[in-house]
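Mind looking at a prediction? Sequence and model below.
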Amino acid sequence: MKKLLISLVSLAALATFAGCGEQPQTITAKPGTSAAKPDDLPYGEGKLYADRNAWQLQLRARADTQNEYKRFN
């Protein structure tokens, strides 16, 4: 009974302290470059926005529908 109690206590202590180790959180970047992920272009890879001109035309069309002067006149 005493061995069982000691093994349970040691197992509980081991499980408690297993998550206490901290991993290093360093970013490995080459000198002269950014470690951040570059932003995607709004007209980049995609089914709808395959090229920049189509993307700009759709933005203009959306802006025209939101323009009060063009909607009511």
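Happy to help now that I have it. Residues are numbered from 1 along each chain as shown.

Next, count neighbours for residue 55.
Residue 55 has 17 neighbours, counted by other CB atoms under 10 Å. Heads up, the C-betas are built off the backbone N, CA and C, glycines and all.

Just read off the phi/psi values of it.
Note on residue 55: backbone dihedrals following degrees, to the nearest 10 are phi -60, psi -40.

so what pLDDT did it get?
Per-residue pLDDT puts residue 55 at 78.

how close does it get to residue 68?
The gap separating residue 55 from residue 68 is 24 Å, by CB to CB, to the nearest Å.

Residue 1 too?
Residue 1 is 84 Å from residue 68, by CB to CB.

what's in contact with the lowest-mean-pLDDT helix or strand in the chain?
Least confident helix or strand, the chain: helix 68-72 with a mean of 73, by mean pLDDT, DSSP states H and E. Contact with helix 68-72 is made by 64, 65, as judged by CB atoms under 8 Å, 6 or more residues apart in numbering.

Would you mind writing the CA trace of that helix as CSV?
Output in CSV follows, covering the C-alpha atoms of helix 68-72 (Å, rounded to 0.1, in the frame of the first residue of the first chain):
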residue,chain,number,x,y,z
GLU,A,68,-25.4,58.5,-53.8
TYR,A,69,-25.1,60.9,-56.7
LYS,A,70,-25.0,58.2,-59.3
ARG,A,71,-27.6,56.0,-57.7
PHE,A,72,-30.4,58.7,-57.6
